[in-house]
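Novice: pasting a predicted model and its sequence here:
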Amino acid sequence: MKTIIHNATIINEGKEWLGSVVIEGEHIAEVTDGPATDLSGYDQVIDGTGLYLLPGIIDSHVHFREPGMTEKADIASESRTAAAGGVTSYIDMPNCIPPTTTLEALEEKHRIAAEKSRVNYSFFFGATNTNLETIKDLDPSVVPGVKVYMGSTTGGLLVDRERALYDIFGNSPLLLMTHCEDTDIINQNIRYFKKRYKGQNDFPVRYHSRIRTTEACFASSSVAVKIAKETGARLHIAHVSSKKELDLFRNDIPLEEKRITCEVVIPHLMFCSDDYDQLGCMIKCNPAVKSSEDREALRHALSTGIIDVVSTDHAPHLLKEKQGGALKALSGMPMVQFSLVSMLELSDKGYLSRPRVVDLLCHNQARLFKIGQRGYIRKGYYADLVLVDPDANWQVLKGRYYTKCGWTPMDERTFKWKVRRTIVNGKTAYCDGIVIDGVRGKALRFG
Ligand code: NCD
Ligand code: ZN
Ligand code: ZN
């Protein structure tokens, strides 16, 4: 099977140009400059006129909830919504049931994904206070890293003993990705508000940002950076949410040389605490969305080299679980379908260039996790591609997004950019509102 996508504006490796991409089987066979002159000899011709062609998005932070929480979401449903958002590969987190903290649990997720995932997949392994020996045995070509919950969030995973943290940081052969929020500070803030509002066992959701504060994030992130520097660990801090934490990272060396990197996620780039009035618990997430000033600082840091990758932290819950306030409603929001269109919107607003969008969503994800043969439009690489329309002006409405939980805080929002087609390993997985059902992804390989 030989396919040509012709006459598209290709965005790749810092450049934008009019050209064509030829796909043979699962791989990119050719990347050319200028309009294609001869369209004969192809089994399929895809007209890219007026559209942009990018490498498929790699989302390295999602919670697809399988196994164990499939009433919220599952690998089949969420990989469909991923495909609709231009996401061709994802890395899923270990806080499902059972948690991915044993080799058996990891193998079970691979088995389910091989059968059901519409796009390429991989899985973080979860650290506990006691599973370091298993971590040492993980296969680095299959496992992208170890997730360390240094603060509590959805699911019970937590590594709260300093001894265990030093052991893991000092001995993990794999990258460590941390959730950083200081549980003591959070609990202290909860106690303060409970005392102030005697008898109340929940508060309006806007208090979430006053409980899970910048101080709680900074204290925990600082500890992670300190232990990483002392032990030489390869540390990647998840969902940095405040201006203050940005000072913990550097931009004077290439990504490949960094031992400490960070991720920012779409919820903290698109929402801030002013939005609680309108969106309530739909935007309740951990770490909490912070002030508009924090959001502005994160947006500006997208183009400075401080932020290494942008992911979504796609975290579906049922709407009924999002009832209540700062203490009772569950944290997390479904986002995987909206990373590309959101980032292109931020680019239109002048925060970053379009090639920089591709760096953060595609190239840097592949570089940071050393994902083989993906993340770039290059001859010989897997044909993971996305075609986007710059002038669609569409509205997010029920029926146009596919997360199983059935809601998103993006509901009713209008986007100028729209994903038209997503190609995974050379096959169209999504096209104009239709997820093609037979397509299956592959396990990512690292190193
Ligand atoms: C995530 C979840 O629900 O799994 N929730 C969230 O608010 N981000 C957990 C997490 O990433 O901390
Ligand atoms: Zn987290
Ligand atoms: Zn998460």
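Specialist: Structure's in. What do you need? Residues are numbered from 1 along each chain as shown. Ligands and ions are numbered 1, 2, ... in the order given.
Novice: got the contact list for the residue most central in space within the chain?
Specialist: The residue lying closest to the centre of the chain (C-alpha atoms, centre = their mean) is Ser311, at 2.6 Å. Residues in contact with Ser311 (C-beta atoms under 8 Å, 6 or more residues apart in numbering) are Asp59, Ser60, His61, Val62, Glu263, Val265, Ile266, Ser339, Gln365. C-beta here means a position set from N, CA and C on the backbone, and glycine is covered the same way.
Novice: which residue sits closest to it, ignoring its sequence neighbours?
Specialist: Nearest non-adjacent residue to Ser311, counting by C-beta to C-beta, 6 or more residues apart in numbering: His61, 3.7 Å away.
Novice: measure how buried the one you found is and give me the count.
Specialist: Number of residues near His61 (other C-beta atoms under 10 Å) recorded here: 28.
Novice: next one, pLDDT for it please.
Specialist: For His61, the model assigns a pLDDT of 99.
Novice: and what of Thr183?
Specialist: Predicted confidence (pLDDT) for Thr183: 96.
Novice: do the one 3 residues further on as well
Specialist: Ile186 is assigned 97 on the pLDDT scale.
Novice: start to end distance for stretch 280-290?
Specialist: 14 Å (C-alpha to C-alpha, to the nearest Å).
Novice: any part of it near ligand 2?
Specialist: No: using C-beta under 5 Å from the ion, stretch 280-290 stays clear of ligand 2, with a minimum separation of 5.7 Å.
Novice: is the helix or strand hosting the residue nearest to Ser311 up against ligand 1 anywhere?
Specialist: His61 belongs to strand 57-62 when elements are defined using DSSP states H and E. No: judged by C-beta under 6 Å from any ligand atom, strand 57-62 stays clear of ligand 1, getting no closer than 7.2 Å.
Novice: up against ligand 2, what does the stretch 51-200 of the chain have?
Specialist: Thr153, His179.
Novice: what residue ranges in the stretch 51-200 of the chain score low on pLDDT?
Specialist: Residue ranges of the stretch 51-200 of the chain with pLDDT under 70: none are present.
Novice: show me where it has strands.
Specialist: For the stretch 51-200 of the chain, applying DSSP state E, counting those that start in this stretch gives strands covering 52-55, 57-62, 87-92, 120-123, 125-126, 146-149, 176-179.
Novice: just put those in JSON lines and tack on distance to Gly375.
Specialist: Shown next, in JSON lines, are the strands of the stretch 51-200 of the chain (distance: least, C-beta to C-beta, whole Å):
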{"stretch": "strand 52-55", "distance to Gly375": "6"}
{"stretch": "strand 57-62", "distance to Gly375": "6"}
{"stretch": "strand 87-92", "distance to Gly375": "8"}
{"stretch": "strand 120-123", "distance to Gly375": "11"}
{"stretch": "strand 125-126", "distance to Gly375": "22"}
{"stretch": "strand 146-149", "distance to Gly375": "21"}
{"stretch": "strand 176-179", "distance to Gly375": "18"}
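Novice: nearest to Trp407, out of those?
Specialist: Closest to Trp407 of those is strand 57-62 (C-beta to C-beta; 16.7 Å).
Novice: now the longest helix along the chain: buried residues?
Specialist: Ordering each helix of the chain by length in residues (DSSP state H) puts helix 214-231 first. Residues of helix 214-231 classed as buried: 214, 216-225, 227-228, 231 (neighbour count, 16 or more other C-beta atoms under 10 Å).
Novice: coming back round to it: list phi and psi for the residue nearest to the centre of the chain.
Specialist: phi -120, psi -170 (degrees, to the nearest 10).
Novice: pLDDT value on it, please?
Specialist: pLDDT at Ser311 comes out at 99.
Novice: that one bridge partners, please.
Specialist: Beta bridges link Ser311 to Val265 when assigned by DSSP bridges.
Novice: that one and Gly156, how far apart?
Specialist: 23 Å (C-beta to C-beta, to the nearest Å).
Novice: do Gly399 as well
Specialist: From Gly399 to Gly156 the distance is 35 Å (C-beta to C-beta).
Novice: then Asp437?
Specialist: 35 Å.
Novice: now swap in Glu133 and tell me
Specialist: 21 Å.
Novice: more neighbours: the two, which one.
Specialist: The residue with more neighbours, out of Glu133 and Gly156, is Gly156; 11 against 8, by other C-beta under 10 Å.
Novice: quick one: residues contacting the nearest residue to His314 once chain neighbours are set aside.
Specialist: Using C-beta to C-beta, 6+ apart and skipping residues adjacent in sequence, the residue nearest His314 is Val336, 3.7 Å away. Val336 is in contact with Asp59, Val62, Glu78, Thr81, Ala82, Gly85, Val87, Tyr90, Thr312, His314, Thr403, counting by C-beta under 8 Å, 6+ apart.
Novice: count of residues packed around the nearest residue to the last one once chain neighbours are set aside?
Specialist: Excluding the flanking residues, the one nearest Thr403 by C-beta to C-beta, 6+ apart is Pro334, at 4.2 Å. The number of residues packed near Pro334 is 29, by other C-beta under 10 Å.
Novice: kindly report the same for Gly325.
Specialist: Residues contacting Gly325 under the criterion other C-beta under 10 Å number 18.
Novice: so the residue nearest to Arg212 when sequence neighbours are not counted, which state does it fall into?
Specialist: Nearest residue to Arg212, sequence neighbours excluded (C-beta to C-beta, 6+ apart): Ala288, at 4.2 Å. Three-state assignment for Ala288 (DSSP: H, G, I helix; E, B strand; the rest coil): coil.
Novice: which one is Leu157 nearest to, not counting chain neighbours?
Specialist: Using C-beta to C-beta, 6+ apart, the nearest residue to Leu157 is Tyr149, at 4.5 Å.
Novice: and the one you found, what does it touch?
Specialist: Asn95, Gly126, Ala127, Leu157, Leu158, Val159, Thr178, His179.
Novice: likewise for Phe271?
Specialist: Leu279, Ile283, Val289, Arg295, Pro409.
Novice: let's see 7 Å
Specialist: Ile283, Val289, Pro409 (C-beta atoms under 7 Å, 6 or more residues apart in numbering).
Novice: also Ala36?
Specialist: Ile4, His6, Asn7, Ser20.
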